[in-house]
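A.B. asks: here's my sequence, what's the structure:
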Amino acid sequence: MKKMLVMLMVFIMLFSMVACSSSNNDTEEKGGKIGLVLSTLNNPFFVDLKTGAEEKAKELGYELVVLDSENDPAKELANVEDLITQGVDLILINPADSDAVGNAVKQANDSSIPVITLDRGANKGEVVTHIASDNVAGGVLAGEFISEKLNGKGKVVELEGIAGTSAARDRGKGFNNAIASTEIEVVARQTANFDRTEGLNVMENILQAQENIDAVFAHNDEMALGAMEAIKSSGRDILVVGFDATGDAIKSIEAGEMAATVAQQPKLIGSLGVENADKVLNGEEIEVFIPVALRLISNDKEVKKEEPKKIGLVLSTLNNPFFVDLKTGAEEKAKELGFELVVLDSENDSAKELANVEDLVVQGVDLILINPTDSDAVGNAVKEANGKSIPVITLDRAANKGEVVTHIASDNVAGGVLAGEYINEKLGSKGNVVELEGIAGTSAARDRGQGFNDAIASTEIEVVSRQTANFDRTEGLNVMENILQAQENIDAVFAHNDEMALGAMEAIKSSGRDIMVVGFDATGDAIKSIEAGEMAATVAQQPKLIGSLGVENAKKVLDGETVDAFIPVELMLVK
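C.D. replies: You can find the predicted model right below:
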């Protein structure tokens with residue numbers, strides 16, 4: 001089963017790379033179609049969720065079909081039936097009602113279409129995963145804030161969301177748990193269906209019935225804003241806390257009207273929906289619940305003046321498609337998470353690398369992502385950041401000196417082993433090979449070489465030449481030309497990256513000799529060479545994912561979360 005999965009993933013990777021290489025477009029559709037069924041588009045939260053899903057679908061090359069259920073479970077069921085007829089590959093659904101949605105989920109189940117729920121869960125039917133904020137924890141945040149402001153005693157109103165939705169149930173549960181041990185009394189608890197107009201009307205009635213009200217907790221910002229209008233018209237001074245951190249709610253907080261809101265990230269929920277849909281369709285396993293972080297925004301915290309965090313990204317070179325892809329992945333994730341990203345190119349010069357880090361320190365970045373030119377020499381740059389208490393994360397190549405929070409990279413030793421085992425299999429465990437090494441001192445060169453040599457150590461394969469070509473195509477060509485003149489019998493070449501492999505391939509073609517070439521990185525040019533029957537194979541890394549994970553983990557570090565000391569990125573052999 002595992003073998004079949006790997007073969008499937010290789011096929012998918014080859015297919016997507018062929019598509020990318022045949023067009024000048026930034027994204028090419030994979031041909032996959034995903035359905036997104038939203039409870040309503042008459043709520044800015046779900047409009048933002050839709051935007052996040054659309055942006056991620058465009059990035060990953062999926063067609064996204066968006067349908068609005070208008071808060072009607074019957075229309076929701078019809079929408080799912082429509083998507084089944086359209087032949088979608090997966091359905092993302094934000095339920096109108098957590099119980100009623102079961103029929104729609106079962107329809108998709110019966111048609112063998114995977115389902116992922118967003119923001120609100122489904123109490124019936126089978127879903128692959130549920131992506132949402134921890135609504136119970138959000139309710140607790142609201143309850144604790146109100147308790148603190150009222151000094152543990154007072155009278156509050158709770159405006160509930162649509163009955164039967166997991167969001168309403170969980171937010172209410174968290175809120176009431178938070179105030180349970182206080183002297184706060186809920187004097188009115190009524191449904192306003194997540195709607196601003198209903199929130200206003202319901203609150204007007206409560207204001208007439210209740211003489212003493214100290215605070216209102218609304219299960220979403222739309223109801224909170226409606227309640228706020230009713231309170232302003234009444235002339236009374238009542239604390240209002242909402243949930244969602246919509247644009248209108250933030251404006252209200254800045255104006256000194258609403259007191260607080262629990263901030264969700266609807267765009268991120270939508271984006272993660274499509275991202276995890278892609279994983280499911282590629283045969284990957286995912287968690288059954290994917291929580292999305294939230295926080296309390298209040299007029300105490302002056303959040304409106306908060307500047308976006310600034311992250312520095314120092315790359316060894318941008319004269320290599322691998323690192324261009326890494327940069328793209330980092331830029332896309334930074335945009336999604338709201339970070340300013342400053343990218344600097346070290347041009348494979350350790351002195352320039354140090355100057356780049358010094359520049360970022362002066363610019364006042366909050367964290368530095370660095371892809372070292374040399375794993376030893378980069379130590380000075382890392383220590384420069386350490387001295388300014390700026391966290392450092394290394395990407396692709398490690399740092400042998402200085403303190404880094406985490407290292408994100410492919411397991412280069414394992415990749416070298418993949419290449420060595422492949423060559424061993426093709427040569428029947430005996431023959432003469434050449435090893436073209438990367439930049440001396442880089443962890444990538446050291447580890448790929450180690451893995452390769454470990455794999456052929458117990459065979460009759462002999463490395464007849466081992467020379468450095470500095471991860472460069474032109475150097476790969478020149479070095480290989482010299483080796484071809486010096487070595488009469490060569491059966492295979494392993495190059496530590498595709499650029500050197502492609503240079504070596506040119507030299508071999510010019511010589512008219514038949515020599516197997518294996519590279520490392522799975523760049524677009526390498527895939528084309530394999531398809532053309534020239535290069536034999538390449539070890540596929542995921543540079544965009546390395547860049548994306550760099551920014552994603554930078555956020556965790558800046559939010560005070562603990563991250564693993566090493567974050568491996570999966571690789572495979574493409575042949």
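
A.B. asks: where along the stretch 51-200 of the chain do the helices fall?
C.D. replies: Shown for the stretch 51-200 of the chain, the helices assigned by DSSP state H, counting those that start in this stretch span residues 73-86, 102-110, 135-149, 166-179, 196-209.

A.B. asks: to Lys528, which of the ones you listed lies closest?
C.D. replies: Nearest to Lys528, of all the helices of the stretch 51-200 of the chain, is helix 73-86, at 33.9 Å by Cβ to Cβ. Just so you know, the C-beta spots here come from the backbone N, C-alpha and C atoms, and that holds for glycine as well.

A.B. asks: what's the domain layout of this structure?
C.D. replies: With domains defined by automatic domain parsing, the chain comprises 33-132+267-291, 135-264, 307-409+544-557, 412-540.

A.B. asks: and the helices of the stretch 51-200 of the chain as a markdown table, adding mean pLDDT?
C.D. replies: Below are the helices of the stretch 51-200 of the chain laid out as a markdown table (pLDDT from 0 to 100):
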| stretch | mean pLDDT |
| --- | --- |
| helix 73-86 | 96 |
| helix 102-110 | 96 |
| helix 135-149 | 93 |
| helix 166-179 | 94 |
| helix 196-209 | 97 |
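
A.B. asks: for Ile393, find the nearest of those helices.
C.D. replies: From the helices of the stretch 51-200 of the chain, taking Cβ to Cβ, the stretch that ends up closest is helix 135-149, at 27.3 Å.

A.B. asks: quick one: low-confidence ranges for this protein?
C.D. replies: 1-31, 301-308 (pLDDT under 70).

A.B. asks: the helices in the stretch 201-350 of the chain, which residues?
C.D. replies: Going by DSSP H, counting those that start in this stretch, the stretch 201-350 of the chain shows helices at 221-234, 247-254, 266-281, 321-337, 350-363.

A.B. asks: can you pull the contacts of the residue nearest to Val357 when sequence neighbours are not counted?
C.D. replies: Here the nearest residue to Val357 in space, its sequence neighbours aside, is Ala381; by Cβ to Cβ, 6 or more residues apart in numbering that works out to 4.1 Å. By Cβ atoms under 8 Å, 6 or more residues apart in numbering, Ala381 lies in contact with 314, 350, 353-354, 356-357, 370, 372, 402.

A.B. asks: farthest-apart pair in those residues, please.
C.D. replies: Farthest pair in the contacts of Ala381, by Cβ to Cβ: Asn356 and Gly402, 14.9 Å.

A.B. asks: ok, the two, which is more surrounded?
C.D. replies: The neighbour count for Asn356 versus Gly402, taken as other Cβ atoms under 10 Å, is higher for Asn356 (24 against 18).

A.B. asks: that one reaches Val343, doesn't it?
C.D. replies: No - at 9.7 Å, Asn356 does not count as touching Val343 under the criterion of Cβ atoms under 8 Å.

A.B. asks: list the contacts for the spatially closest residue to Asp559 that is not a sequence neighbour?
C.D. replies: Spatial nearest neighbour of Asp559, excluding adjacent residues (Cβ to Cβ, 6+ apart): Ala293 at 7.3 Å. For Ala293, the contact set (Cβ under 8 Å, 6+ apart) comprises 133, 265, 559.

A.B. asks: top of those residues by neighbour count?
C.D. replies: Ser133 (24 neighbours).

A.B. asks: shouldn't the residue nearest to Val357 be within a strand?
C.D. replies: No - according to DSSP: H, G, I helix; E, B strand; the rest coil, Ala381 belongs to no strand; its state is helix.

A.B. asks: measure the closest residue to Ala377 other than its chain neighbours to Pro372 for me?
C.D. replies: Distances taken as Cβ to Cβ, 6+ apart place Ser350 nearest to Ala377, at 3.8 Å, with adjacent residues excluded. Using Cβ to Cβ, to the nearest Å, we find Ser350 at a distance of 8 Å from Pro372.

A.B. asks: can you give me phi and psi for Asn71?
C.D. replies: When read as degrees, to the nearest 10, the backbone of Asn71 gives phi 60, psi 30.

A.B. asks: that one contacts Ser39, doesn't it?
C.D. replies: Yes - counting by Cβ under 8 Å, Asn71 touches Ser39, with 5.8 Å between them.

A.B. asks: quickly list what's touching both of the two.
C.D. replies: By Cβ under 8 Å, 6+ apart, the residues touching both Asn71 and Ser39 are Ala96.

A.B. asks: who has more neighbours, those two?
C.D. replies: More crowded of Asn71 and Ser39, by other Cβ under 10 Å: Ser39, with 30 against 19.

A.B. asks: Glu421: how many residues sit nearby?
C.D. replies: 17.

A.B. asks: nope, Glu561 is what I was after
C.D. replies: By other Cβ under 10 Å, neighbour count at Glu561 equals 10.

A.B. asks: same question for the one 4 residues further on.
C.D. replies: For Ala565, the number of neighbouring residues by other Cβ under 10 Å comes to 9.

A.B. asks: right, and it touches Ala398 too?
C.D. replies: No - Ala565 lies out of contact with Ala398 (Cβ under 8 Å); the separation is 10.8 Å.

A.B. asks: could you pull up phi and psi at Leu36?
C.D. replies: Torsion angles, degrees, to the nearest 10, at Leu36: phi -130, psi 110.

A.B. asks: tell me, how many residues neighbour it?
C.D. replies: 28.

A.B. asks: which ones are touching it?
C.D. replies: 50, 53, 64-67, 91-94, 270, 273.

A.B. asks: which residues does it bridge with?
C.D. replies: Taking DSSP bridges as the rule, Leu36 bridges to Val66, Leu92.

A.B. asks: contacting residues for the residue nearest to Thr459 when sequence neighbours are not counted?
C.D. replies: Spatial nearest neighbour of Thr459, excluding adjacent residues (Cβ to Cβ, 6+ apart): Ser429 at 4.2 Å. Ser429 sits next to 459-461 when contact means Cβ under 8 Å, 6+ apart.
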